[in-house]
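Q: Below are the sequence and a predicted model; questions follow.
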Amino acid sequence: MATMPAFLDRTNAGAIAASAGSRAARLDKDSSRLRPLPLDDVLFYSKKVDNSRLERAADARARGACWSAVGAASVLLVLLTGTLVPTLAGRLEGYKIETLKGEERRLLDERRTLELQEAELLSPDRLQQMAEEQNLVAPQAGQVVHLDGNNSGSAVALAK
Amino acid sequence: MLERRLKWLAGLILIWGALIFCKLVSLQVVHHRQYAGLARARQEQVNKIPAPRGTIFDRTGAPLAMSVSTQLVFVNPKKVPDLGVAADIFSMVLRMDRADLYARLEAAREDGRGYFVVKKKATWEETERLRGMGFDWIQIDSGSERHYPNGPLAAHILGGVDFAQKGNSGIEKVLEAELEGVPGQERSVNDVKGRPIEALVESEPKPGAVLTLTIDERLQFAAERELAAAAEAKGAHCGSVVVMNPQNGEILALASYPAYDPNLAPEGSENPEARLNHASSVPFEPGSVFKVITLAAALETTQLRPESMIDCGRGSITLFGRTIHEAHGGYGVMSMADVLKHSSNVGAIRIGMTVGEAHMHEYVRRFGFGERTGISLPAESRGRLRSLERWSKASLPSISIGQEVSVTALQLAQAASIVANGGLLVRPRLVLKKGGQAVPMAAPVRAIKPETAMTMRQMMEGVVLPGGTGYPEALLDGYSAAGKTGSAQIYDVAAKHYTHYYNGSFIGFAPLNNPAIVVVVTLNGTHGNLGFGGRAAAPVFHAVATEALRVLDVPKDLPEKPARPVVAGNAADKDDLAIANLGSREPNILEEGEEDAPATLVTGPTVPDFKGMTMRAVLAEAAEKGLPVIPDGSGLARLQNPPAGSALRQGERIRVRFSR
């Protein structure tokens, strides 16, 4: 069983074996290090093996299992996407809808305010005052005013 | 050693897991409701969906009353964590004075107030900025505010609303159920910044119904303008004008003086009479206008005819210890038509005595007096008409001349409509459409025979013709008209006698043969001869009726008076003399055209003089000479246009007016 100190130092196992003699001295220098257990050197000795000439044998079952896993993961991904995307899109659209609703209400209110302003501008009292200022009077019933172009600019267009 | 360490580690992990599990149980089981509620409160928001109060339009579609949304920003000063920060935020966003706002916030907190309005009419942009800040102590409420864009125009019809936007007078009060909108409610889920993600409408808003009234804004304005001018000129303290379509009862204008602005809250210094609708709520003794009812009853229940001679007692009559005098001098024997024309009190009393109490009472009721008209206005008066059992011996003569009975201007308009439309009692109405649906008129009720109505119309025409009490003030240019003046002395209840202040009134309609409008004018509290109905109220009738006929585009049925120059500053037409020679103020429709046309271009046959001829003779002579003639009226030819001796242009026709 590998101990934690040996595990942490496993990459240095070769170096440790090569320099076993200096271990005692190193331990003396680094008191925080745990002491190795017995046979640590044997268990964690790394031997160089050349596998370059080996070829992996085709394993149809393993490949199938691999593709099955990939397929399952893809299906799972699609399912998750199919579940989450509408929710996310719905949320984003919800933002838009609520923003548009608020905009609609604001515009309706604005329209009502403008209608009120228009009504105030077109009130008979105001129109009467403006007509008096411009020397305009209401025409008689059925009166026809011929616009023959002879009226001077300062003349009153309509008169009783 | 190792195993002991591992056990410790496992124990700690177990305890850690157990603590987490306990906390989860606490959060999700024990305090589930509490935390779920807190989460909902954080994420969900209940919003009110505004439902504006219904807009009121006139018959032409011009808005008379409308509501606009307002955003109210308020806080609870006790819950504001830092008044200085609050004042900074509000002054920056709402563009308010920081020092003033801080002082007011501080005062509100010191007073222990839990409600402080920061701004009543905040804009959408301002409230959105405040909402985006996410402070839970800033509260925003949306409401609405009623506006009357024309100010005092039609104020007595429209009424007003109180602080809670509930109608408290006028149409606003009577039709509160229809006008009031019911706000809806929605529950929205918000994100951490307070922005709504999704909203669920729990109840749909129900906006108030849109009302279309029968009144015409232009006529209403003209009526109010003329009424105010006349009241100020004649010293009347109050008055009213009603313009009504006699065929269907639609009220085209209903003015009351003095007026008020419904946009402004009532003040202590305001004239209390200003808020009263004098046309529908304040009854008065009608005086001589009531003689129309007396004579109509006589035509229906006695053998009296317009030409029947009545002894007018040379100016006074004494009945049951009371002597009644004429207002306009003494008369001897005159026809019933002349009794109306000259408004003879003695003659009307004698006619009324002929009618009798029972018939008189019945016909007063038939004309709609003593009961409400049912118009959509609050506090309508039914007037005063005693039951027949309570009549004294003096009641019949008094009621015959419009005393001992009180009526409203609206009732007078309803009564005049009976004569104008051929004898049908048509109820006046103010609402044309409700929520886009036409409001049907009530079925008319036969009050008098059609022939009686026609005879009354002819007799009432005499009032506005030369010699009548309404001449020349009530004579219309280009239109035939009929009417009746009234000048009732105001009774001093404290002193128990009649004063020399008058209820000057005038009821009239035009054109004569197919009346389009009925106009009733009352001026209360006039004084002197100029305060009589013919002098004070008839000019208002003239102005309002002329404007109404023009606006309603009613075809003229009489030749016009000489038209005034088209360009201001032109001298008056001297050719008026030709018209004056005919002994009448009847107008000449073509005067204006002749004025501008060169005399040398006028060619054609000479117009003969038809004056004094019967219609048969006129038509015979015209046919003989090949002249086109348009006869109008009956009796003898009194007026003609073009005048005799002038050249008749090509395509021109001769209008001849006949009268008795």
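A: Cool, got the structure. Numbering: from 1, shown residues only, chains lettered A, B, ... in the order given.

Q: ok, residue 68 - how many residues close by?
A: No chain in the question, so chain A it is. Using other CB atoms under 10 Å in any protein chain shown, residue A:68 has 10 other residues around it. Yep, even glycine has a C-beta here, placed from its N, CA and C like the rest.

Q: could you do chain B instead?
A: Neighbour count of residue B:68, defined by other CB under 10 Å: 19.

Q: do the same with residue B:22
A: Burial of residue B:22 is recorded as 11 neighbouring residues (other CB under 10 Å).

Q: Spell out which parts of chain A neighbour chain B.
A: Taking CB under 8 Å from any CB of the partner chain as the test, the list of chain A residues beside chain B reads A:91, A:94-95, A:97-98, A:101-102, A:105-106, A:109-110, A:112-113, A:115-116, A:119-120, A:122-125, A:128, A:135, A:138-143, A:145, A:151, A:155-156, A:158-160.

Q: Mind checking which of the residues you listed are in helices?
A: A:91, A:94-95, A:97-98, A:101-102, A:105-106, A:109-110, A:112-113, A:115-116, A:119-120, A:124-125, A:128 (DSSP state H).

Q: Filter the residues you listed down to just the buried residues.
A: The neighbour-count test (16 or more other CB atoms under 10 Å in any protein chain shown) marks A:94, A:98, A:102, A:106, A:109, A:112, A:115-116, A:119-120, A:124 as buried among these.

Q: now the helices: where do they sit in the stretch 401-550 of chain B?
A: B:409-420, B:450-464, B:538-551 (DSSP state H, counting those that start in this stretch).

Q: Also the stretch 51-200 of chain B?
A: For the stretch 51-200 of chain B, the helices defined by DSSP H, counting those that start in this stretch cover B:83-93, B:98-110, B:124-133, B:155-158, B:170-174, B:176-179.

Q: mind giving me the domain ranges of the chain?
A: All of this is about chain A. Segmentation of chain A into domains, based on automatic domain parsing, reads A:1-48, A:65-137.

Q: my question was about chain B
A: According to automatic domain parsing, the domains of chain B span B:47-213, B:217-262+B:271-551, B:576-659.

Q: what's the spacing between residue B:529 and residue B:486?
A: 15 Å (CB to CB, to the nearest Å).

Q: out of the two, which sits in the busier spot?
A: Each of residue B:529 and residue B:486 has its neighbours counted (other CB under 10 Å); residue B:486 has more, 32 against 13.

Q: Which residue ranges of the stretch 151-300 of chain B form strands?
A: B:160-161, B:167-169, B:184-190, B:196-203, B:211-213, B:238-244, B:251-257 (DSSP state E, counting those that start in this stretch).

Q: and the first one, what does it pack onto?
A: Meaning strand B:160-161. For strand B:160-161, the contact count by 3 or more CB pairs under 8 Å, 6 or more residues apart in numbering or on different chains; DSSP states H and E identifies strand B:167-169, helix B:170-174 as packing neighbours.

Q: Repeat that for the fourth one.
A: In terms of contacts (3+ CB pairs under 8 Å, 6+ apart), strand B:196-203 is packed against helix A:60-121, strand B:44-49, strand B:184-190.

Q: for the second one, same thing?
A: Secondary-structure packing of strand B:167-169 (3+ CB pairs under 8 Å, 6+ apart): strand B:160-161.

Q: In chain B, which residue is most central in space?
A: When CA atoms, centre = their mean is applied to chain B, the residue found nearest the centroid is residue B:254 (2.7 Å).

Q: Just send the buried ones among the ones in helices among the residues of chain A next to chain B back as JSON lines, with pLDDT too.
A: Converted to JSON lines, these look like this (pLDDT from 0 to 100):
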{"residue": "A:94", "pLDDT": "90"}
{"residue": "A:98", "pLDDT": "88"}
{"residue": "A:102", "pLDDT": "85"}
{"residue": "A:106", "pLDDT": "86"}
{"residue": "A:109", "pLDDT": "87"}
{"residue": "A:112", "pLDDT": "90"}
{"residue": "A:115", "pLDDT": "94"}
{"residue": "A:116", "pLDDT": "93"}
{"residue": "A:119", "pLDDT": "94"}
{"residue": "A:120", "pLDDT": "94"}
{"residue": "A:124", "pLDDT": "93"}
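
Q: of all those residues, which comes closest to residue B:493?
A: Closest approach to residue B:493 among these (CB to CB): residue A:124, at 38.7 Å.

Q: Excluding covalently adjacent residues, which one is nearest to that closest one?
A: residue B:221 (3.7 Å; CB to CB, 6 or more residues apart in numbering or on different chains).

Q: mind checking how far that neighbour is from residue B:252?
A: Distance from residue B:221 to residue B:252, counting by CB to CB: 12 Å.

Q: Mind checking which of these two has more residues around it?
A: Comparing residue B:221 with residue B:252 by other CB under 10 Å, the one with more neighbours is residue B:252, at 26 against 21.

Q: thought that one was touching residue B:216?
A: Yes - the criterion here is CB atoms under 8 Å, and residue B:252 meets it with residue B:216 at 5.1 Å.

Q: Give me the common contacts of these two.
A: Among the neighbours of residue B:252, those also in contact with residue B:216 (CB atoms under 8 Å, 6 or more residues apart in numbering or on different chains) are B:59, B:552.

Q: Please name the residues that touch residue B:653.
A: Under the contact definition (CB under 8 Å, 6+ apart), the residues listed for residue B:653 are B:628-630.

Q: what about residue B:288, how many neighbours?
A: 29.

Q: Point out where chain A drops to low pLDDT.
A: Scanning chain A with the threshold set as pLDDT under 70 gives A:1-29, A:147-160.

Q: go again using 50 as the cut-off
A: A:151-160 (pLDDT under 50).

Q: again, but for chain B
A: Within chain B, the stretches with pLDDT under 50 are B:563-603.

Q: longest helix of it?
A: helix B:2-25.

Q: how about that helix, does it reach chain A?
A: No - contact of helix B:2-25 with chain A (CB under 8 Å from any CB) is absent, the minimum separation being 9.5 Å.

Q: Just checking the distance from that helix to the centre of its chain.
A: Counting by CA atoms, centre = their mean, to the nearest Å, helix B:2-25 is centred 86 Å from the centre of its parent chain.

Q: Alpha carbons only: can I get it in CSV?
A: In CSV, the C-alpha atoms belonging to helix B:2-25 read as follows (Å, rounded to 0.1, in the frame of the first residue of the first chain):
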residue,chain,number,x,y,z
LEU,B,2,-4.5,5.9,10.9
GLU,B,3,-7.9,4.3,11.6
ARG,B,4,-8.5,6.7,14.5
ARG,B,5,-7.8,9.6,12.2
LEU,B,6,-10.1,8.2,9.5
LYS,B,7,-12.8,7.7,12.1
TRP,B,8,-12.5,11.3,13.1
LEU,B,9,-12.6,12.5,9.6
ALA,B,10,-15.6,10.3,8.9
GLY,B,11,-17.3,11.6,12.0
LEU,B,12,-16.7,15.2,11.0
ILE,B,13,-18.1,14.6,7.6
LEU,B,14,-21.1,12.9,9.0
ILE,B,15,-21.7,15.8,11.4
TRP,B,16,-21.2,18.3,8.6
GLY,B,17,-23.7,16.3,6.4
ALA,B,18,-26.1,16.0,9.3
LEU,B,19,-26.0,19.8,9.9
ILE,B,20,-26.6,20.4,6.2
PHE,B,21,-29.5,18.0,6.3
CYS,B,22,-31.0,19.6,9.4
LYS,B,23,-30.7,23.0,7.8
LEU,B,24,-32.3,21.7,4.7
VAL,B,25,-35.1,20.2,6.7
